[in-house]
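Colleague: 3D model of this:
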Amino acid sequence: MSAANDTNNTTQNIMTTLEIKGDWNITKGKLKQKWAKLTDSDLQYAEGKQDELIGRIQKCTGETREAVEKAIKEFSSCDCK
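Modeller: Here you go, the predicted structure:
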């Protein structure tokens, strides 16, 4: 049962570990520009802890999970150098 739920959650989740791990420092900076309330502590990323990261951002910003995931995906896939 748990494995099925994990697979389903992974499929529905917009964000992937690779997207987060990409250029996380750049993504962090863009998230801080979008939501100035966020701190480095709020944006601390630990591999496998995406849900905790999203939860911290949601708590600080009041945004929905979908909005947070969309912003992370948008900023992490941006090819801005």
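
Colleague: ok, residue 42 - contacts?
Modeller: By C-beta atoms under 8 Å, 6 or more residues apart in numbering, the residues touching residue 42 are 56, 57, 60. In this view, the C-beta of every residue, glycine as well, is placed from N, C-alpha and C.

Colleague: Does the first one fall in a helix, a strand, or a coil region?
Modeller: Applying DSSP: H, G, I helix; E, B strand; the rest coil to residue 56 yields a three-state assignment of helix.

Colleague: need the contact list for it.
Modeller: Contacts of residue 56 by C-beta under 8 Å, 6+ apart are 42, 43.

Colleague: For it, give its distance to residue 24.
Modeller: 14 Å (C-beta to C-beta, to the nearest Å).

Colleague: cool, and residue 66?
Modeller: According to C-beta to C-beta, residue 66 and residue 24 sit 20 Å apart.

Colleague: what does residue 41 give?
Modeller: For residue 41 relative to residue 24 (C-beta to C-beta), the value is 14 Å.

Colleague: So if I had to pick from residue 66 and residue 24, which one is more boxed in?
Modeller: Relative neighbour count places residue 24 above the other of residue 66 and residue 24, with 17 against 10, counting by other C-beta atoms under 10 Å.
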